[in-house]
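Asker: A structural model of the following input is requested.
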Amino acid sequence: MVNDSEKVLSAFAQMYFFKELVHDQLHFTEEGNTEKEVADLLLNLGDIVVAIQLKARNEADKTDDIEKEIKWLNHKCKDAKKQVKDSISFIRAGTLPVFSNERGQQIKIDPEAEIIPLIIFMNEDIGNRYPHILRKHSEDGMDINCLSFKDFQIVCKELMTPIEIVEYLKWRLDFYQNNGDVDISIFMGDDDSVLITRPGSGEALVSQFLTERYGMMNAKEMQPFIEPFQWMLHNLPERVVAESVDNSSYPMIQFFSHFKRSEIKDYEERISRALEAAENKDYNVVGSLRNSAKKYVMFFVSTHDGYALSMDFLEQWARENGVEFDKLIQVFVYWVSDKEFRIDYAFKDSSNQYLK
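Answerer: Sure, this is the predicted structure:
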């Protein structure tokens, strides 16, 4: 059964990781009819899985006795650590059943995925009284990020994109492993900017992470592009043109969940260009995005009446221009009225399976 705290966490995670990437029904039965659970929540990006253990303090059990609170906290940290270790073992064994995501799709967890454990405490008093425990918890040679739910919300709202939330969790753990508990962090950027943060206050390390990654001004300039991109992903399932392909939107959501804000900015700029061309009845390929490291190429097409270009044609065009890729995406944009437009997608992966 999913308790109220788990429901709250799941609903929040779906806002930033999307329904396709969230699993919260994770009970299974081992041999001998023993019921087990793979974490309280999995955020599954395919090659990366965030395994979350949730710990909440019942209101009736709260006390002003500091010693009792510390005892409870230490017990729950150890308990959560064991559960996380078990979750990792379950995934690595490769014998788990297929779990439904929050879109109702049956998705198998990759046993070779990178697993990022995370402990979330729903009791905000913990963060106020014992901020050190919310940074990481070390035991038996394994460090795990620990966050209050409030601070996890800050992380998601500031970063917004699944891959950057994941990368922040890895960066955050490294920060505390390298620096220990610090009251003040001073970071000097390449542009001579200076950022001073109090890491334990409102998860201020998010600002340092973005500054290190993009520079202070660049990170802010890219921020406005993220919200429309999120809206696109939430509505993408009905925009992928599919023919007899189960879970056709899933590989697209998984693909876009790895986009960083620099890629999102480029994507949004090309969408605007395609919309303008379609409005002017200039129907053509108006731009592309390619990433040799991620091995994808994306064509942006201005069109009309939902007409898409042949994927074979686009593939040949890319090959003739020396582009190597595993994923070929067509983003075709068209106006359905003077005030309404659509953005639809066709997708081809390395197995030559068309989602169009």
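
Asker: only C-alpha atoms for contact and neighbour calcs from this point on.
Answerer: Fine.

Asker: can you tell me the closest non-neighbouring residue to N291?
Answerer: V297 (6.6 Å; Cα to Cα, 6 or more residues apart in numbering).

Asker: what's the distance between I196 and M216?
Answerer: Counting by Cα to Cα, to the nearest Å, the gap from I196 to M216 is 12 Å.

Asker: now L195
Answerer: L195 sits 9 Å away from M216, taking Cα to Cα as the criterion.

Asker: so these two - more neighbours on which side?
Answerer: Counted by other Cα atoms under 10 Å, L195 and M216 do not tie: M216 has more neighbours, with 19 against 15.

Asker: my read is that that one contacts M222, right?
Answerer: No - between M216 and M222 no contact is recorded; they are 10.4 Å apart, counting by Cα atoms under 8 Å.

Asker: only the C-alpha atoms, please, for the one helix or strand L54 maps to, written as CSV.
Answerer: Here L54, judged by DSSP states H and E, is contained in strand 48-55. Extracted as CSV, the C-alpha positions of strand 48-55 are listed here (Å, rounded to 0.1, in the frame of the first residue of the first chain):
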residue,chain,number,x,y,z
ILE,A,48,20.0,6.2,-14.7
VAL,A,49,17.7,5.3,-11.8
VAL,A,50,17.1,7.3,-8.7
ALA,A,51,16.1,5.0,-5.8
ILE,A,52,14.2,7.0,-3.1
GLN,A,53,13.5,5.9,0.4
LEU,A,54,11.0,8.1,2.3
LYS,A,55,11.0,8.5,6.0
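
Asker: output the contacting helices and strands for that strand.
Answerer: On a contact count with 3 or more Cα pairs under 8 Å, 6 or more residues apart in numbering; DSSP states H and E, strand 48-55 meets strand 41-44, helix 66-93, strand 114-121.

Asker: any idea which of those is most buried?
Answerer: Counting by mean count of other Cα atoms under 10 Å, strand 41-44 has the highest mean neighbour count of those, with a mean of 25.

Asker: which elements pack onto it?
Answerer: Against strand 41-44 (3+ Cα pairs under 8 Å, 6+ apart) you get helix 4-17, strand 22-23, strand 48-55.

Asker: direction included, what does it pair against?
Answerer: Applying DSSP bridges to the sheet, strand 41-44 is found paired with strand 22-23 (antiparallel), strand 48-55 (antiparallel).

Asker: restricting to C-alpha, output it in CSV.
Answerer: Output of strand 41-44 as CSV, limited to C-alpha atoms (Å, rounded to 0.1, in the frame of the first residue of the first chain):
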residue,chain,number,x,y,z
LEU,A,41,9.9,5.5,-5.4
LEU,A,42,12.0,5.0,-8.5
LEU,A,43,12.7,7.8,-11.0
ASN,A,44,13.7,5.8,-14.0
